[in-house]
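Peer 1: A predicted structure for the sequence below; I have some questions about it.
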Amino acid sequence: MANTAKFDRQEVLQRATWLFWQKGFHATSTRDLQQATNLRPGSIYAAFGSKSGLFKEVLSYYAQNRDQLLLQCINDEGSNLGGLRAYFHYILLGDDVDAPNELCLLAKAISELDEGEEALLAEARALLAAHGAKFRQYLESAVNAGELSKQTDSALLARQLQVQMIGLRTYLRATSDRAAVEQMIEQLFDPVCVQTTS
């Protein structure tokens, strides 16, 4: 009877996510993964195929968690615009400040991977675009709920918010100016400012 791997896949993905987020794809060695996940190389390859296979699953796991967090913020706030604002607060100024890297893992992966890793690069780009599509979905719901004007260009505004998210993370990393970032988040979601940028 063949041996089957006995481990908690979610826990392994969580630990691998933290490691890749901290060190990046290229700087993370098999030994690093072994130590972080408590798996032997054979188990890693049997379960994920390769380091690239594990990283691809990590990217998907990370994106799925972001989507769930965004939905939770929407539900907790009881409004689409309020939920998006709460999501920005959480990512930029909340628990994510303890994350291993201030940059979004997807953006970090896109900046690190090269054209020789086309499959991983395409996956990271697709997941980032899909997360932006979630922004658009909730903005369209905000329009339908009367939170935003019927003239709002939800697609453009979603792209602007995603650019702002990436930019504010970088700004915060460079300056550590939390007060300025908080002020900019509030301005981003001020109904008057939202209307004039869409």
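Peer 2: Structure's in. What do you need?

Peer 1: Output the below-cut-off pLDDT ranges for the chain.
Peer 2: Along the chain, the parts satisfying pLDDT under 70 run over 1-6, 95-102, 191-198.

Peer 1: Just the element for Ala47, please.
Peer 2: helix 41-48 (DSSP states H and E).

Peer 1: One more: Glu123?
Peer 2: Applying DSSP H and E, one finds Glu123 within helix 118-144.

Peer 1: Touching, Tyr90 and Ile74? I think so.
Peer 2: No. Taking Cβ atoms under 8 Å as the definition, Tyr90 is not a contact partner of Ile74, at 11.9 Å. To be clear about C-beta, it is placed using only N, CA and C from the backbone, and glycine gets the same treatment.

Peer 1: then the host helix or strand of Ala36 to CSV, C-alphas only?
Peer 2: Element membership for Ala36 (DSSP H and E) is helix 30-37. Output of helix 30-37 as CSV, limited to C-alpha atoms (Å, rounded to 0.1, in the frame of the first residue of the first chain):
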residue,chain,number,x,y,z
THR,A,30,13.6,24.1,-1.1
ARG,A,31,15.3,24.0,2.3
ASP,A,32,13.5,27.1,3.4
LEU,A,33,10.2,25.5,2.4
GLN,A,34,11.1,22.4,4.2
GLN,A,35,11.8,24.2,7.4
ALA,A,36,8.7,26.4,7.1
THR,A,37,6.2,23.7,6.3
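
Peer 1: And that helix, what's buried?
Peer 2: Of the residues in helix 30-37, Asp32, Leu33, Ala36, Thr37 count as buried by neighbour count, 16 or more other Cβ atoms under 10 Å.

Peer 1: Point out the other helices and strands that it packs with.
Peer 2: helix 9-23, helix 41-48, helix 51-77 (3 or more Cβ pairs under 8 Å, 6 or more residues apart in numbering; DSSP states H and E).

Peer 1: Name the next helix or strand downstream of the last one, please.
Peer 2: The helix or strand immediately downstream of helix 51-77 is helix 80-93, counting by DSSP H and E.

Peer 1: Can you name the residues in contact with that following helix?
Peer 2: Defining contact as Cβ atoms under 8 Å, 6 or more residues apart in numbering, one finds that helix 80-93 is touched by 69-70, 73-77, 96, 135, 138-139, 141-142, 145, 147-148, 161, 165, 168-169, 172, 178, 181-182, 185-186, 188-189, 191, 194.

Peer 1: between that helix and helix 118-144, how many degrees?
Peer 2: Put simply, helix 80-93 runs at 140 degrees to helix 118-144, going by axes from the mean of the first three to the mean of the last three Cα atoms, to 10 degrees.

Peer 1: Compute the inter-axis angle for helix 80-93 and helix 51-77.
Peer 2: 130 degrees.

Peer 1: Okay, buried residues for stretch 166-173 please.
Peer 2: Result for stretch 166-173 [16+ other Cβ under 10 Å]: buried residues Leu168, Arg169, Tyr171, Leu172.
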